[in-house]
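1. Here is my input; please provide its structure:
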Amino acid sequence: MNMSAPNITAAEFEEKVLQSKEPVLVDFWADWCGPCKMLSPIIGEIAAEAQGFKVYAVNADEEQDLMARYGVRAIPTLIVFKDGQVYKQNTGFIQKEQVLDLLK
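-> Sure, this is the predicted structure:
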């Protein structure tokens, strides 16, 4: 399944997401989640093509604190962070164009 974005942990979140100079797209996912598996290759493609932003994945099962901190109750949830703040978010499967729209 690793056509997805690099996974990060709560310990790395501050530095890689909140302190990032560029916008960051974070994909909250889990192994058992069907829509996550459908979304994962799309997120992987976007990560591979990313210019002017970064893309990371967070394993929902392993990072309950991050889920709680950002009110993620369903997955997949995509959150775009800008300047350490939540800029836009989406829950559920969406197509690549819609994911890219979140970054605008």
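
2. where does this structure have low pLDDT?
-> Residues of the chain meeting the criterion pLDDT under 70: 1-3.

3. and with 80 instead?
-> Scanning the chain with the threshold set as pLDDT under 80 gives 1-4.

4. where along it do the strands fall?
-> Listed in chain order, the strands of the chain (DSSP state E) span 24-29, 54-59, 77-82, 85-91.

5. Identify whichever of those strands lies nearest to Ser4.
-> Minimum separation from Ser4 across those (Cβ to Cβ) falls at strand 54-59, 5.3 Å. For glycine as for every other residue, the C-beta is placed from the backbone atoms N, C-alpha and C.

6. for the longest helix seen in the chain, packing partners?
-> Of all the segments of type helix in the chain, defined by DSSP state H, the longest one is helix 34-49. In terms of contact count using 3 or more Cβ pairs under 8 Å, 6 or more residues apart in numbering; DSSP states H and E, helix 34-49 is assigned the packing partners strand 24-29, strand 54-59, helix 96-102.

7. one step back: quick one: the strands of the chain as a markdown table, columns for distance to Ser40 and mean neighbour count too.
-> What follows is the strands of the chain, written out as a markdown table (distance: least, Cβ to Cβ, whole Å; neighbours: other Cβ atoms under 10 Å):
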| stretch | distance to Ser40 | mean neighbour count |
| --- | --- | --- |
| strand 24-29 | 7 | 25 |
| strand 54-59 | 8 | 22 |
| strand 77-82 | 12 | 21 |
| strand 85-91 | 15 | 14 |
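
8. Now distance to Ala5 too, for the ones you listed, in JSON lines please.
-> Shown next, in JSON lines, are the strands of the chain (distance: least, Cβ to Cβ, whole Å):
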{"stretch": "strand 24-29", "distance to Ala5": "6"}
{"stretch": "strand 54-59", "distance to Ala5": "4"}
{"stretch": "strand 77-82", "distance to Ala5": "10"}
{"stretch": "strand 85-91", "distance to Ala5": "15"}
